[in-house]
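**Q** here's my sequence, what's the structure:
(chains A and B)
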Amino acid sequence: MARYVIRRLLQAIPLLLIVSFVLFALMQATGDPLATMGGRQPTRAADRERLARQLGLDQPIHVQYVYWLIGNDWVVVDAETGRTGTRRGILRGDFGVSYATRQPVLEMIGGRVPDTLLLTLTAEVLILTVSLGIGIFSAVRKYSFFDQAFTSISFVLYSVPVFIMAYTLIYAFSIGLRRAGLPYFPTSGIFDPAIGRTFEQVVWHMVLPVLTLSLISIAAYSRYIRSTMLEVISSDYIRTARSKGITERRTLFVHAFKNASLPLITLIGLDLPFLLGGAVVTETIFAWPGMGYLFINSLQRSDYPVLMGILMLIAVGVVISQLIVDLLYTVLDPRIRYS
Amino acid sequence: MATLTTHKPVRLMESDNQRKNSNRALRRFLRHRGAVFGAVLLVFVIGYVILGSLLFSESYANFNDTSRRLQPPSTEHPMGTDNIGRDIFARTVYGGQISLMIGFLAVTVAVLIGTTVGVVTGYFGGWIDVILMRLTEAMLSIPTLLFLLMIANIFGGKVPQIALFGRVFSGSVVVIIVIIGLTSWMGLSRIVRSLVLSLKEAEFITAARALGASDLRLIFKHILPNIVAPVVVSATLGVGGAILSESYISFLGVGVGAPTATWGNILEGSRQFFEQAPWLWVAPGILILMTVMGINFLGDGLRDALDPRSDKSA
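**A** The predicted structure is shown next:
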């Protein structure tokens, strides 16, 4: 088992190197972060040269990549004084410095992670509980009125674009309630600056974005859970369990659910890393200060170190969550063994 | 379902068997209420964008007049006007043509890449399989929407306007088609690879090889025809995904640029005038919803019709 984990992690290294180099080359080769640095005026030629040297953008791309990866504190960057570089490289935990704010990238990303996770994890928990409930109920009461009604609704919900969901919710629960003179849900930010960041404020502000993120996924997940549950329920061992006189509840939730959860784990595993990336569209609409919002802002300023940081963090998240999923399989299904 | 024989990959008495199969698939498709509903939705949307273009010219759709900005729906502008005074009805018509085109062409790109990668890796195996599958994994570990946004931002404004089918498009249309195609082939290539891996072991392939068929002949005459059904299903569903992707990128402001309209970029300014002018997002939003919903229903029906093993109850 330990050898398997080590082998998987070793295999991930070339993968991440390829991903990072491709992303890096794409960004550095084609964008121009200096263009927007002059504010409203185009950056002056002399400033461009100075800034390019300061940021290391005058170096060839492979050199920039090496510096980004392992730092440049072993290279003499100033021949006159013999000064060496100060960057330590992403492999030693230095994600670089934002071009736009001159803040360390890790700090900027770190500042956004909690708020993004607050949003996406809450949504994920809601998605899983609700869709497990609906999915299992639909499977047990196959072709009942509830099952058929929900199957139709979920097909429609599943096709709704995120912004339409967000707009509809805003229209109904913010503008609609306000016009009716009732208390209404806020639609932007994470708390009201006039009141400050209190628990109630954050919860109040979370309602609409969390619903936006959840409703579409609940439709997809519950259909999926329904079909895996149906498959398991019709298998022989469930009939055996029932014929032994085990309660229906125990049959469903212990015997059937354990096997039905295998494909579900795969699905959650695919989701996990993207919880970290936030939800670009939802965060943008609700001005939620998370990673997705940071990504869009950095994109507009061609702030490559920040973009690279976010993308690589998610790529590492994908690798790790895939590994965890594969390991969870062995726990849930003893027939699966890795060697 | 029990009365149906399973698809045998054997292609003896080809024409006869095929006709029977396709009739059976068609009947199954027409019996599928969801699929028919999806097809009706799509026919409506396609009719809307084609017949609509008989009503106004594209230059009218791109014509702006700030003196009539943000006007609510009226008889003159049935869907109102946007923040620089363009007629939204006309823009949804021409924008729809572009959105549908992007969806269709992006999927064509994805299908070409995905099928090629899947067949090559599955059929030949060896080092090329290792390399291409690693590449697939690498692509899968990059968050697609963020990656799309990044590339769209880099290349979007760099491609000059192009003329195609007698119309002038913003060059970003091509960029969007290519990048959506380049970022959505991975799932398909995995499906195709696993199908090819199992087909390769089938007896009729061994037989064809024993008769001296070359690799190319085996691939084009024997393997590809047998994987068409799952590819068609996944491509159909892919069109919906591509249209959604386009709308997200354009909505966030890095997609298809002016003056070319798409359903996505009509929505771009809608957040700002959300309360003041809801008509900015209602019409394009409903059109996107109808299209994606139509495609999902259709794809689901196609899957049931083309795959005799799929059981509706499961």
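**Q** from now on I want contacts and neighbour counts done on CA atoms only, so please keep to that.
**A** Will do.
**Q** look up the closest residue to the residue in the stretch 1-150 of chain B that chain A sits nearest to, ignoring the ones flanking it.
**A** Relative to chain A, the nearest point of the stretch 1-150 of chain B is B:Ser141 (5.1 Å; C-alpha to the nearest C-alpha). Closest residue in space to B:Ser141, ignoring its immediate chain neighbours: A:Ala315 at 5.1 Å, by C-alpha to C-alpha, 6 or more residues apart in numbering or on different chains.
**Q** for A:Ala287, helix, strand, or coil?
**A** coil (DSSP: H, G, I helix; E, B strand; the rest coil).
**Q** tally of neighbours for it?
**A** 16 (other C-alpha atoms under 10 Å in any protein chain shown).
**Q** which residues of the stretch 51-200 of chain A fall in strands?
**A** In the stretch 51-200 of chain A, strands defined by DSSP state E, counting those that start in this stretch lie at A:76-78, A:83-84, listed in chain order.
**Q** could you list the low-pLDDT ranges of the stretch 51-200 of chain A?
**A** Counting by pLDDT under 70, the stretch 51-200 of chain A contains low-confidence residues at A:77.
**Q** around chain B, pick out the residues from it.
**A** For the stretch 51-200 of chain A, the residues in contact with chain B (C-alpha under 8 Å from any C-alpha of the partner chain) are A:155-156, A:158-161, A:164, A:175.
**Q** in contact with residue 293, which residues are there?
**A** In the absence of a named chain, this looks at chain A. A:280, A:283-284, A:287 (C-alpha atoms under 8 Å, 6 or more residues apart in numbering or on different chains).
**Q** correction: the question concerned chain B.
**A** Listed by C-alpha under 8 Å, 6+ apart, the contact partners of B:Met293 are A:155-156, A:158-160, B:38, B:41, B:240.
**Q** what strand or helix carries it?
**A** helix B:279-306 (DSSP states H and E).
**Q** distance check, the residue of the stretch 1-150 of chain B closest to chain A against A:Leu270.
**A** Between B:Ser141 and A:Leu270 the distance, using C-alpha to C-alpha, to the nearest Å, works out to 10 Å.
**Q** which residues are in contact with both of the two?
**A** Shared contacts of B:Ser141 and A:Leu270, defined by C-alpha under 8 Å, 6+ apart, comprise A:Val318.
**Q** who has more neighbours, these two?
**A** More crowded of B:Ser141 and A:Leu270, by other C-alpha under 10 Å: B:Ser141, with 24 against 17.
**Q** and the furthest pair within the contacts of B:Met293?
**A** Greatest spacing in the contacts of B:Met293, by C-alpha to C-alpha: A:Tyr158 and B:Leu41 (15.8 Å).
**Q** rewinding a little: which parts of the helix holding B:Met293 are buried?
**A** B:279-285, B:287-306 (16 or more other C-alpha atoms under 10 Å in any protein chain shown).
**Q** cool, and stretch A:200-207?
**A** Across stretch A:200-207, burial judged by 16+ other C-alpha under 10 Å covers A:201-202, A:204-207.
**Q** tabulate these (TSV), appending secondary structure and pLDDT.
**A** Below are the buried residues of stretch A:200-207 laid out as TSV (DSSP: H, G, I helix; E, B strand; the rest coil; pLDDT from 0 to 100):
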residue	secondary structure	pLDDT
A:Gln201	helix	85
A:Val202	helix	86
A:Trp204	helix	87
A:His205	helix	90
A:Met206	helix	91
A:Val207	helix	91
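**Q** if we only consider the residues you listed, which is nearest to A:Pro186?
**A** The closest of the buried residues of stretch A:200-207 to A:Pro186 turns out to be A:His205 (C-alpha to C-alpha; 5.6 Å).
**Q** next one: A:Thr251, what pLDDT does it get?
**A** Reported pLDDT at A:Thr251 in the predicted model: 85.
**Q** wait, it sits on A:Thr240?
**A** No: using C-alpha atoms under 8 Å, A:Thr251 is not in contact with A:Thr240, being 9.8 Å away.
**Q** more neighbours, those two?
**A** The neighbour count for A:Thr251 versus A:Thr240, taken as other C-alpha under 10 Å, is higher for A:Thr251 (19 against 12).
**Q** list the residues that contact that one.
**A** Neighbour list for A:Thr251: A:238, A:241-242 [criterion: C-alpha under 8 Å, 6+ apart].
**Q** SS state for it?
**A** Classified using three-state DSSP, A:Thr251 is helix.
**Q** let me know how buried A:Ile336 is, in neighbour terms.
**A** 12.
**Q** that one - nearest residue in space that isn't next to it in sequence?
**A** With sequence-adjacent residues excluded and distances taken as C-alpha to C-alpha, 6+ apart, A:Ile336 is closest to A:Thr330, at 5.2 Å.
**Q** right, and that neighbour touches A:Ile324 too?
**A** No: contact criterion C-alpha under 8 Å: A:Thr330 and A:Ile324 do not qualify, at 10.2 Å.
**Q** so B:Val168 is in which element?
**A** If you go by DSSP H and E, B:Val168 is part of strand B:167-169.
**Q** and the contacts of that strand?
**A** Against strand B:167-169 from outside (C-alpha under 8 Å, 6+ apart): B:161-163, B:260.
**Q** now stretch A:213-232
**A** Taking C-alpha under 8 Å, 6+ apart as the rule, stretch A:213-232 contacts A:120, A:123-124, A:126-128, A:130-132, A:134-140, A:151, A:153-155, A:157-160, A:162, A:238, A:256-257, A:259-260, A:263-264, A:279, A:282, B:314.
**Q** try 6 Å this time
**A** Residues outside stretch A:213-232 that contact it (C-alpha atoms under 6 Å, 6 or more residues apart in numbering or on different chains) are A:123, A:127, A:131, A:134-136, A:139, A:154, A:157-158, A:260, B:314.
**Q** and if you look at stretch B:85-104?
**A** B:49, B:52, B:61, B:63-66, B:68-69, B:79-81, B:177, B:239, B:242-243, B:261-263.
**Q** which residues in the stretch 201-339 of chain A form strands?
**A** Under DSSP E, counting those that start in this stretch, the stretch 201-339 of chain A gives no strands.
**Q** need the residues of it near chain B, please.
**A** Residues of the stretch 201-339 of chain A lying close to chain B (C-alpha under 6 Å from any C-alpha of the partner chain) are A:227, A:230, A:315, A:318.
**Q** most neighbours, which of these?
**A** With neighbours taken as other C-alpha under 10 Å, the top of those is A:Ala315, carrying 25 neighbours.
**Q** look up how far B:Ile142 lies from the residue nearest the centre of chain B.
**A** Nearest to the mean C-alpha position of chain B, by C-alpha atoms, centre = their mean, lies B:Val239 at 1.6 Å. Separation of B:Val239 from B:Ile142 (C-alpha to C-alpha) stands at 21 Å.
**Q** what residues does the residue of the stretch 51-200 of chain A found nearest chain B make contact with?
**A** Closest contact between the stretch 51-200 of chain A and chain B, by C-alpha to the nearest C-alpha, is at A:Ser159 (5.1 Å). Neighbouring residues of A:Ser159 by C-alpha under 6 Å, 6+ apart: B:292-293.
**Q** switch to 10 Å and redo it
**A** Contact analysis of A:Ser159 by C-alpha atoms under 10 Å, 6 or more residues apart in numbering or on different chains lists A:216, A:219-220, B:240-241, B:244, B:288-297.
**Q** closest one of these to B:Trp127?
**A** Distances from B:Trp127 to these, taken by C-alpha to C-alpha, are shortest for B:Gly241, at 31.8 Å.
**Q** my guess is the closest one meets B:Leu145, correct?
**A** No: using C-alpha atoms under 10 Å, B:Gly241 is not in contact with B:Leu145, being 11.4 Å away.
**Q** what residues are shared contacts of these two?
**A** By C-alpha under 10 Å, 6+ apart, the residues touching both B:Gly241 and B:Leu145 are B:Ile180.
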